[in-house]
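[1] Mind looking at a prediction? Sequence and model below.
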Amino acid sequence: MLENLDDKRLIFVTGKGGVGKSTCAAALAEALADRGRRVLIVETDAYSAISEILGAGDSSHKRVELKKNLWGINLRSHESLVATLSRFLPSQKIVKAVVGNRVTKSFFDSAPSVGEFVLLDQILLMSETETPAWDHIVVDLPASGHAVTFLSVPQTLNGMMRDVGPIAKRAGEIHAVIANPKRSAIVAVCLAEEMPVNETIELAGKLERALHRGMDLALVNMVHEQPFSEDSLESFKRLAAAAEVQNNPASILMQPDIEPFRRWIAGIELARQWHERDLYYLGILHDRLERVVELPMVYELNERAIVSTVAGHLNKGRA
């Protein structure tokens with residue numbers, strides 16, 4: 001399922017808030033690590049989901065080992081700023097003076113492009129210089145509403161500086177990697193529901209317009225399976241009609257005094273309706289996007305178990 005990501009060192013993962021983006025990013029990273037690849041999953045200046053999802057310790061701007069072949073880090077913009085400036089300014093004394101100056105600090109804090117640039121600079125630097133090299137760096141980007149802006153910062157910065165100077169040159173190098181589908185991948189996570197599907201399709205269009213490249217993969221999270229065989233469908237529909245649960249099975253399930261048999265029928269009918277809804281929106285995605293991978297609904301309470309199950313599904317069918 002992930003063959004088109006095999007040769008991509010940088011993999012950017014985004015998606016509408018609430019669709020399980022970080023969980024899917026973790027599952028994707030684990031699936032690649034289970035193939036024997038050396039993988040780093042990166043969060044960008046956010047509350048760390050790694051600690052909860054993958055059971056990591058404190059990953060704030062430091063690398064932690066999560067399992068065999070898999071590491072994680074939560075890059076912080078301030079530390080990334082210091083690290084980036086240290087490469088472009090002649091001494092640490094000047095770096096400290098610049099970072100500690102109230103005027104420049106106010107500029108760095110308010111300028112929307114600075115944080116994104118230094119984070120992307122550090123991510124690309126890890127992909128270029130670290131030994132042994134990473135086979136994949138999976139970046140858990142902000143939600144899709146901000147992802148295109150985030151990825152477009154190097155291009156914008158390079159244009160503002162008219163491609164003059166070392167920072168402009170570096171911005172151009174970062175943009176060249178992001179915009180090249182042979183060097184990086186962009187993965188969107190969504191649910192088989194109206195708003196996430198529409199936002200994912202819109203994201204594909206925005207990527208084409210802003211970066212002149214497409215989306216590599218859409219991961220559809222929590223897809224509901226048909227609760228019984230197709231041979232039994234008509235018989236079940238008659239049973240559901242007789243039990244009067246077809247119109248609103250969810251509200252029936254919330255009734256405390258519902259008889260067990262009717263509750264059971266209502267539960268199956270709700271699952272059937274979710275499956276039909278998912279099929280409808282999956283059809284739209286398959287029609288509009290080139291590559292769509294469906295991830296099953298996982299009925300687990302433990303987040304770590306969910307990640308492992310989804311990772312196993314992503315590697316399904318491989319020898």
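    Sure thing, it's come through.
[2] now the helices for the stretch 1-150 of the chain?
    With DSSP state H, counting those that start in this stretch, the ranges of helices along the stretch 1-150 of the chain come out as 21-34, 50-53, 77-88, 92-100, 102-110, 112-129, 144-160.
[3] Export these as a markdown table, with columns for mean neighbour count.
    C-beta here means a position set from N, CA and C on the backbone, and glycine is covered the same way. Formatted as a markdown table, the entries for the helices of the stretch 1-150 of the chain read as follows, by neighbours: other CB atoms under 10 Å:
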| stretch | mean neighbour count |
| --- | --- |
| helix 21-34 | 26 |
| helix 50-53 | 20 |
| helix 77-88 | 17 |
| helix 92-100 | 13 |
| helix 102-110 | 11 |
| helix 112-129 | 20 |
| helix 144-160 | 19 |
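[4] Which one of those lies nearest to residue 304?
    Closest of those to residue 304 is helix 50-53, at 7.0 Å (criterion: CB to CB).
[5] mean pLDDT for the helices of the stretch 1-150 of the chain: which is lowest?
    The stretch with the lowest mean pLDDT among those is helix 102-110, which comes in at a mean of 65.
[6] mind showing which ranges of the stretch 151-300 of the chain have poor pLDDT?
    Within the stretch 151-300 of the chain, no range satisfies pLDDT under 70.
[7] hey, where'd the helices end up in it?
    So, for the stretch 151-300 of the chain - with DSSP H, counting those that start in this stretch - the helices run 166-179, 194-211, 233-242, 249-253, 260-288.
[8] quick one on the thing from earlier: output the helices of the stretch 1-150 of the chain in TSV; the columns should cover distance to residue 43.
    Listed next are the helices of the stretch 1-150 of the chain as TSV, based on distance: least, CB to CB, whole Å:
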stretch	distance to residue 43
helix 21-34	8
helix 50-53	6
helix 77-88	12
helix 92-100	22
helix 102-110	20
helix 112-129	10
helix 144-160	13
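[9] nearest to residue 303, of these?
    helix 50-53 (5.1 Å).
[10] What is that closest one packed up against?
    Applying 3 or more CB pairs under 8 Å, 6 or more residues apart in numbering; DSSP states H and E, one finds that helix 50-53 contacts helix 21-34, helix 303-314.
[11] so which of the ones you listed comes closest to residue 57?
    Closest of the helices and strands packed on helix 50-53 to residue 57 is helix 303-314, at 14.2 Å (criterion: CB to CB).
[12] Flag every buried residue along the closest one.
    Buried residues in helix 303-314, defined by neighbour count with 16 or more other CB atoms under 10 Å: 303, 306, 307, 308, 309, 310, 311, 313, 314.
[13] could you dump the helices and strands packed on helix 50-53 to JSON lines with distance to residue 145?
    Listed next are those as JSON lines, based on distance: least, CB to CB, whole Å:
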{"stretch": "helix 21-34", "distance to residue 145": "12"}
{"stretch": "helix 303-314", "distance to residue 145": "24"}
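[14] Pull up the gap between residue 36 and residue 72, please.
    18 Å (CB to CB, to the nearest Å).
[15] Outline the domain layout of the chain.
    Domain assignment for the chain, taken from automatic domain parsing, gives 3-224+297-314, 225-295.
[16] got the end-to-end distance for the first one?
    Domain 3-224+297-314 stretches 10 Å from its first residue to its last (CA to CA, to the nearest Å).
[17] Okay, and the beta partners of the closest residue to residue 62 other than its chain neighbours?
    Excluding the flanking residues, the one nearest residue 62 by CB to CB, 6 or more residues apart in numbering is residue 73, at 6.6 Å. Listed beta-bridge partners, residue 73: residue 42 (assigned using DSSP bridges).
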